[in-house]
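Participant: Structure for this input, please:
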Amino acid sequence: MQTVMRRAAEGSLRWVVTLFPNEAYARDAEMSLTEYEDFVFGACMPDPEDPVGFWGRLFEPQQHIVDWLHGKSCVRVLSSETDLKLSISDRVFINSDGRHNMPSGEIFTGPVEDSVEGSV
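Facilitator: Purely as a prediction, here's the structure:
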């Protein structure tokens with residue numbers, strides 16, 4: 001584990017994590033196994049003609065959002081039944097563009113632990 005953590009911190013660790021469709025996941029999703037397989041595989045390879053190219057093209061638009069978020073201090077989520085405020089001051093934002101998690105397409109971060117206020 002020390003080697004994994006060291007290499008991850010250095011940026012030299014190559015890894016990808018995914019889930020394997022099975023009956024339990026399908027049941028939790030209220031789908032048949034075949035439906036769930038189609039769902040997962042469709043999310044992992046949304047462009048069957050060029051799946052590698054798809055994930056490569058995802059980096060830039062997500063990085064634009066990561067760059068925009070850098071230096072921001074607060075997020076507010078507001079809808080008809082939700083009003084949440086949380087601090088993101090000094091947080092790191094990670095562009096998840098298919099290099100480590102599959103399916104992907106997220107931007108990872110976390111709020112300042114004691115900053116969340118509001119209701120859902």
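Participant: can you pull out the strands in the protein?
Facilitator: For the chain, the strands defined by DSSP state E cover 17-18, 74-79, 82-87, 94-96, 101-102, 106-108, 117-119.
Participant: helices and strands around the last one, which ones?
Facilitator: Looking back up the chat, that one is strand 117-119. strand 82-87 (3 or more CB pairs under 8 Å, 6 or more residues apart in numbering; DSSP states H and E). Every C-beta, even on glycine, is put in place using the N, C-alpha and C of the backbone.
Participant: do the fifth one as well
Facilitator: For strand 101-102, the packing partners by 3+ CB pairs under 8 Å, 6+ apart come out as strand 17-18.
Participant: how close does the spatially most central residue of the chain sit to A9?
Facilitator: In the chain, the centroid-proximal residue (CA atoms, centre = their mean) is E106; its distance is 3.2 Å. Look at E106 and A9: by CB to CB, to the nearest Å, they are 21 Å apart.
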